[in-house]
Structure formats: C-alpha cells, structure tokens
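Visitor: what's the 3D shape of this:
(2 chains)
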Amino acid sequence: MASVSLAQVSKGFAAGEALRGLSLEIRDGEFLSLVGPSGCGKSTTLNLIAGLEEPTSGTVRIGDREVNGLSPAERDVAMVFQSYALYPHKDVRGNLAFPLQIARLPRVEIDRRIGEAAEFLGISALLSRKPRELSGGQRQRVALGRALVRRPKVYLLDEPLGSLDPGLRAEMRGELKRLHRQLKATFVYVTHDQTEAMTLSDRIAVLRAGELHQLGSPREIYERPRTRFVAEFFGSPRINVLPARVLGLDGDQLAAIRPEHVEVVEQPEAKALEGTVEMVELTGAETWVTVAAAGEKLTARAPPDFAVEPGGRVWMRIPAGRVLRLPG
Amino acid sequence: MKRAPVLLFFLGPLLWQLLTSLWPEAELTRPLPRSLTLANYAGLGGSFARAALNSLLVAAGTTALCLAAGAYAAFAIARLQFRGRSLLLGASLAISMFPPIATVSPLYLLLRAAGLRDSLAGLVLPYSTFALPLTLWLLTSYFRELPDDLFRAARVDGCTPWQAFVHVFLPLATPALATTAILVFIFSWNELLYALAFVSTPAKRTIPVAIALFAGEHLEPWGQIAAASVTATLPLALLTFLFQRRIVRGLTAGAVRE
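Guide: Alright, predicted model coming up:
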C-alpha cells in the first residue's frame, strides 16, 4: 500500500499536450477517480503512474520513491483494462499465475494466491476455462483477479466497467466497492461515467484538456463545483447556468443552480421567476420541466400533480442558499 | 458442376504432368499411352534424392532463419517505439522489389569473397534477403492486429518487452508463423536462378537445378522430368492443403476488423 503523487507532470505527444503541469496527491488507501471527457488526460495519467509512458517533465512518486524512468515491473502496480486484456491462449489459472511466474514466485505460493483470489472473486469453478469461454462479467472478475494476486501497492483501473452492460455494471460497482473496503489498498480509477465516480470514490479529480479542474469528495464536487465545467459534468439533469443578473444578483459572474432545487409552481409568487413551459419530461420518480425565462432556459422540478402544458405560464422558486457563483 | 472447368483450368497442367510422368518412354510420340508405368520414378535415382535433400535443407534453413530473425523484428516494429521504424519497413520492401537477376553478379562476388560460393549456406543467406521482407510484412501486420492492451497488460504484469514477446505474442502468433513459414519454404524450394548461379558441384544441386539439368545434349527425358516435377510438387501441395485455412487467414490478417 502506498500513496501516489504527481508533481508538475506534463506529457506531450506528437498530436499535442495530454497533460499540462498536473499535480495530484493520492492518499494511501484512497479510492480516487480521475474523471473527464475523452481526451482530458485521465488515461495518460494512469499510464504515467503505471510506467507505460514517461512524463515529458515533472516527477511521479509511489510511496516515498520517485519512479520516473522505472519500468512497470519495478513499480509494483497492477492495472485492470476496459478490454480486460486477458491472455487468450492461457486459461484462467494461467492468466492469474502469469504475473507471479514472471516475478519468479515459488509454485506453492502461486497456487495459494490463485486459490485465495479465485475464492474472493467467486471464480474458483472457472480456473480451467479459456477467456473466450467466459461471459463479460466473468472476464472482468478474472482481470481483477490478475491484479489481486500480485498484492500490489496501487491498483490502476482504466474504465474497468466500460464494456459491461448496465445491469452488470451496477453489480460490479458494488463488487469493486467491497474489494476496496477489504483490501484497504490505493485505487486509482479512470472513468467518464459520473455515476461510477460519485458512488465509488473517496475523492474525485476532474480533468479537462490536461488540466485539473477540481479535486474533492463527491459531495464537494457536486455541491461546490469551482468551475462551470465541473458543475455541468456532474448531475442529471444538467445544472442550470445563467448570467447572475437573471436571478437578480449583481456582478458579471455566472450563477448556477441544480434542477432539483428549482421548484415549479402554477400560481404567481412574490420572489419567483416567471417563465413559459417548453417541455415536460417524466422520468418516473421526478418530473422535469424546461422553462424559458428572461431569455434563458432552465430545468426545474415539478410536483407530481403538475399539469401545465407546454406554452403555459409557470413560476419558479429559486432558493438563494442554493445558488452557486461560478467564474464567468 | 460449374466448378469443373475452373478446376480443369488450374489442375489440368498438373494432371498432364502426372500423366506424362507415368507415360512409358517408348510411347511418348503417341497421343495417349496404351499402358502406364512407374519406370520414370524408379529411374530418378540417387542424385535426385540428393537434390531433394539439399532442397529440404536449404528451404528449412531459410525458413528457420527468417522466422527467428523476422518474428522479433516484426514485434519490435509493431509494438515498440524507436526511430526509423517505418523507414525499416519501407526499406525492406524496397529491397524485395529488386529483380533477382540484377543481384546475381554482385551476390556472386560477395559469396565468393565470403567463401560461401558452392555451398548450401551460400543459398540460405541470399534466399533470406528476399524472404525476410515478406516475413517482416506478414508478421508486422499480424502483431499490429493484436490488441494494444495485451502488450500493456504484459508490461504491467512485470514483463520486459522480450518476455512479453516470448510469453504472450509468440504463442498468439502461431497461425501467422505457420503461414509465413509455408510461404518462405515454398519460395526457397522453388528458387532456380540463384541455385543455378551459385552452386556448381552436382552433389549440392537443389531440385529445380537438378530438373533443369536433366536434359542432356542429345536427350530430353520428358518422362523423368515430369516424374521429378511431380515428386517436387507433391510435398508443397500437401503442405498447402493441410494449412490452407491458416494461409488464407494469415494473408488477410489486418485487412478487416473481426
């Protein structure tokens, strides 16, 4: 187990810069997610920690050791890939044994660790199967197992649930959470899925175009986003971002409020914002209404008995305490 | 039975060759033989067996050398980052574009200087210069087709690039290796020009040379030539039949996403 730290790390490719002076402290035993749209540098960050790529500048540390220039083998990290990347010619046992054989562990120890990992992940019955004979979920477990047997200092997970169908994804999410709790190891998790990041992480690092936008707990990220990008990346429906003056605030900054905090009412109210209904969306638990007001569009939450048709007039209660100020 | 004419077109010459080889010498002027004989095969004799052995040695040697050198080179070109990768691949292609006849004289001088003229090793080396580019291209395209994550997984699992090659990529490349081996083998087995130019001792002749030199000043032993051709073609045809599917798969590797 170990912390991971990146100090002023940049990585340039022929196509451009993937990371620009990224500094990030990942604590020992933490589950940290790297989140952002594709091309934000999250996978590059993982590769730099793994030693699959070397930074153009800056230092990478694992524990108290600087690992720049060290091969992946010397870094004691394990990685799980979105494509699983199981060795197709080896059976499950062979896949689990491979990293240990390369590390020249004694046979008895290898067998013991495979047994433990297989038990832990519930794949003991699959040990003599080939990867092509396994379902997506089973392959994912084997891929996790291959990381697990090594007992590495750091687990690097590159969108490990990205190839699974939604039902299985939720199940494996729970599994990962359990895994992290029991192993108490450092997990660095790359995803573009905000739900995964929110539900799994101790802290989230939001990246965009190679820069760190915000680092914080899921609650902090959600409730106190520091940039418009972070605010809009998390939450569904998407947060309302408006010029501050629309809400009667001064300054050139932006004001933002999450749709669940904006309540639509059908009667005029003193401090409420008046608008015209554009669209009503029923999602089951909630009804979301898109309202045009003061030249902007807002999404707001409607009561279950909401009955105004598009084109009708409504009023929106906007609690001042819920309004976020964002740099313009 | 639409296939019959096509099959006849391709197999016709081969069948005619087979028939000729079984045709009694005395009846060659007739439109068709009255009886068939194995005499032509029996008459091939020890010198032809020697030539077959030489061919086998040269072809096998070339194949082994090409695979040994080509597989790791192709892996490096496909997977590792180094300067001049595409240049290497391009240059190897350019080399294989040389018409062999243009290289006969310089190669002859080179081999003589190296003391390899009139030896089987003196054939393996020049054959390899032609077969290696083919090996490189076939295997590189195959290694490129294997998922990138596999190499990254092997690296994170602690492999050096060499270990990743030996433990992961080589076992996965067996179909491509088999294809390449057969193609290189066929090329070396059939080669005539170099074999004729670089080897003078009768005991070191390969099959194509032996067949070409069957004809004497006053004699054209067609029956024996046919028998020798059939004998030389049979192992190749058999080999190709056995690995047919793999060859096709190997040749089209990388052409389409699977």
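
Visitor: quick check: which element contains the residue with the shortest distance to the centre of chain A?
Guide: When CA atoms, centre = their mean is applied to chain A, the residue found nearest the centroid is A:A197 (3.2 Å). Using DSSP states H and E, A:A197 maps to helix A:194-200.

Visitor: count the neighbours of the closest residue in space to A:V142 that isn't next to it in sequence for me.
Guide: Spatial nearest neighbour of A:V142, excluding adjacent residues (CB to CB, 6 or more residues apart in numbering or on different chains): A:V92 at 5.4 Å. For the C-beta atoms, the positions are set from N, CA and C on the backbone; glycine is no exception. By other CB atoms under 10 Å in any protein chain shown, 27 other residues sit near A:V92.

Visitor: residues contacting the residue of the stretch 1-150 of chain B found nearest chain A?
Guide: As assessed by CB to the nearest CB, chain A sits closest to B:D149 within the stretch 1-150 of chain B, at 3.8 Å. By CB atoms under 8 Å, 6 or more residues apart in numbering or on different chains, the residues touching B:D149 are A:81-85.

Visitor: quick one: it is in a strand?
Guide: No: counting by DSSP: H, G, I helix; E, B strand; the rest coil, B:D149 is located in no strand; its state is helix.

Visitor: what about the residue nearest to it when sequence neighbours are not counted, which SS state?
Guide: The shortest distance from B:D149 to any residue other than its chain neighbours is 3.8 Å, reached at A:A85 (CB to CB, 6+ apart). State at A:A85, reduced to three classes by three-state DSSP: coil.

Visitor: who are the contact partners of A:A85?
Guide: Applying CB under 8 Å, 6+ apart, the residues contacting A:A85 are A:143, B:147, B:149-150, B:152-153.

Visitor: just the buried residues of those.
Guide: Buried by 16 or more other CB atoms under 10 Å in any protein chain shown: A:143, B:149-150, B:152-153, out of those.

Visitor: export the residues you listed as a markdown table, with columns for distance to A:L179.
Guide: As requested, the buried ones among the contacts of A:A85 are arranged in a markdown table below (distance: CB to CB, whole Å):
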| residue | distance to A:L179 |
| --- | --- |
| A:A143 | 12 |
| B:D149 | 21 |
| B:L150 | 24 |
| B:R152 | 21 |
| B:A153 | 19 |
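
Visitor: closest one of those residues to B:I186?
Guide: Nearest to B:I186 among the buried ones among the contacts of A:A85 is B:L150, at 30.7 Å by CB to CB.

Visitor: can you pull the contacts of that closest one?
Guide: Contacts of B:L150 (CB under 8 Å, 6+ apart): A:85, A:87, B:168-169, B:172.

Visitor: please identify the residue most distant from the middle of chain B.
Guide: Within chain B, the residue lying farthest from the chain centre (CA atoms, centre = their mean) is B:V156, at 38.6 Å.

Visitor: now stretch B:238-248: mean pLDDT?
Guide: The pLDDT scores in stretch B:238-248 average 75.

Visitor: that one and chain A, any residue contact?
Guide: No: using CB under 8 Å from any CB of the partner chain, stretch B:238-248 never reaches chain A; the gap is at least 15.7 Å.

Visitor: what sits up against that stretch?
Guide: For stretch B:238-248, contacts defined as CB under 8 Å, 6+ apart pick out B:175, B:178-179, B:182-183, B:185-186.

Visitor: thanks a lot, catch you later.
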